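In: Quick one: sequence plus predicted model below, questions after.
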Amino acid sequence: MSTYVLIHGGLGGAWCWDKVVPLLEERGHRVVAPDLPGHGRDTTPVSEVTMEAYVNCVCNVLDAQPEPVILVGHSMGGAIITQAAEYRPDRIKTLVYLAAFLPQNGEFTGGIDDTESLLRPNVVMSDDGSYITFRDEILKEACYADCSDEDVARAKSLMCPQATLPNITPVVTTEANFGRVPRVYITTLRDRALSPYVQKQMYTALPCRVISMDTSHSPMFSTPGELVDILVSL
């Protein structure tokens with residue numbers, strides 16, 4: 001039995017893992033999928049959502065587990081698990097990046113250029129600059145191209161505004177801490193949110209064991225069984 005901690009991405013919540021959690025539990029594993037601050041059922045105001053708040057949330061979850069965990073981050077969640085690994089390397093058995101940002105020391109998600117992403121040109125910024133959303137009409141093609149209409153509608157109904165500050169906050173990592181945690185990158189070959197080209201740039205710069213899925217950005221919706229097969233094989 002392993003313990004999996006599943007960290008959602010931008011605009012998301014623990015609900016992103018609703019198909020994955022029961023499949024992992026059916027195989028006898030422990031699963032924790034928290035809502036990050038300002039997401040899902042968490043009521044933190046968007047003005048108070050920072051990278052530090054995200055990482056503290058994850059570290060608190062890690063500290064509460066009886067054993068080192070398999071820590072999975074989707075999309076923006078990759079930056080969060082990267083920083084958490086710097087602070088808690090001994091609490092993590094394996095880092096898993098699922099269609100995720102994998103920033104190097106000093107990088108931040110908003111500074112990783114992806115000219116093939118459909119999200120970047122469709123950002124809608126709040127008047128005060130504190131949060132972003134995306135144009136509704138591109139969300140399916142960008143993030144959920146191979147997902148059912150029902151899953152897309154549910155995701156849209158549960159999405160929340162994404163605080164901008166975490167996306168402009170650099171990660172600070174060292175080889176002595178983050179660098180010693182084993183890394184796996186699950187690359188999504190039909191991704192229009194975080195392009196396979198940029199995914200490859202990141203997992204080449206910080207080498208990982210690489211596993212490919214022929215999916216869009218959200219295999220936890222479209223192919224949860226295949227994703228769980230991969231996770232339990234790690």
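Out: Yep, it's here.

In: which of the residues in stretch 57-68 are buried?
Out: The neighbour-count check on stretch 57-68 (16 or more other CB atoms under 10 Å) flags 57-59, 61-62, 68 as buried. Every C-beta, even on glycine, is put in place using the N, C-alpha and C of the backbone.

In: Looking at those residues, which is nearest Ala79?
Out: Val58 (11.0 Å; CB to CB).

In: List the contacts of the one helix or strand that closest one maps to.
Out: Here Val58, judged by DSSP states H and E, is contained in helix 51-63. Residues from elsewhere that reach helix 51-63 (CB atoms under 8 Å, 6 or more residues apart in numbering): 5, 7, 32, 34, 36-38, 44, 69, 71, 79-81, 83-84, 87-88, 91-92, 165-166, 169, 171.

In: Can you read off the pLDDT for the most centrally placed residue in the chain?
Out: The centroid of the chain falls nearest to His74 when counting by CA atoms, centre = their mean (2.1 Å). Reported pLDDT at His74 in the predicted model: 99.

In: ok, so what distance separates it from Ser126?
Out: To Ser126, His74 is 23 Å away according to CB to CB, to the nearest Å.

In: give me phi/psi at Pro22?
Out: With angles defined as degrees, to the nearest 10, Pro22 sits at phi -60, psi -30.

In: Can you classify Tyr97 as helix, strand or coil?
Out: strand (DSSP: H, G, I helix; E, B strand; the rest coil).

In: where exactly do the helices run in this structure?
Out: Under the criterion DSSP state H, the chain contains helices at 20-26, 51-63, 77-87, 139-143, 149-158, 196-205, 219-222, 224-233.

In: mind listing what's buried in the fourth one?
Out: When neighbours are counted by 16+ other CB under 10 Å, the buried residues of helix 139-143 are found to be 139-140, 142-143.

In: what does stretch 125-139 give?
Out: So for stretch 125-139, counting by 16+ other CB under 10 Å, buried means 130-134, 139.

In: circling back: put together CSV for the helices of the chain, with mean pLDDT on each row.
Out: Shown next, in CSV, are the helices of the chain (pLDDT from 0 to 100):
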stretch, mean pLDDT
helix 20-26, 99
helix 51-63, 99
helix 77-87, 99
helix 139-143, 97
helix 149-158, 98
helix 196-205, 99
helix 219-222, 99
helix 224-233, 99
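
In: of these, which approaches Phe108 most closely?
Out: Evaluated over those, closeness to Phe108 peaks at helix 77-87, with 7.2 Å, by CB to CB.

In: Render the CA-only coordinates of the closest one in CSV, please.
Out: As requested, C-alpha coordinates have been extracted for helix 77-87 and formatted as CSV (Å, rounded to 0.1, in the frame of the first residue of the first chain):
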residue,chain,number,x,y,z
GLY,A,77,0.4,22.0,-9.2
GLY,A,78,3.8,20.9,-10.5
ALA,A,79,5.4,24.2,-9.3
ILE,A,80,3.8,23.7,-5.9
ILE,A,81,5.1,20.2,-5.4
THR,A,82,8.5,21.3,-6.6
GLN,A,83,8.7,23.8,-3.8
ALA,A,84,7.2,21.4,-1.3
ALA,A,85,9.9,18.9,-2.2
GLU,A,86,12.6,21.4,-1.3
TYR,A,87,11.1,21.8,2.1
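
In: hmm, who's touching it?
Out: By CB under 8 Å, 6+ apart, helix 77-87 touches 7-9, 36, 51, 54-55, 58-59, 62, 71-73, 92, 95, 97-98, 100-103, 108-109, 166, 171-174, 177-178, 181.

In: measure Arg180 to Pro68 for me?
Out: For Arg180, the distance to Pro68 (CB to CB) stands at 12 Å.
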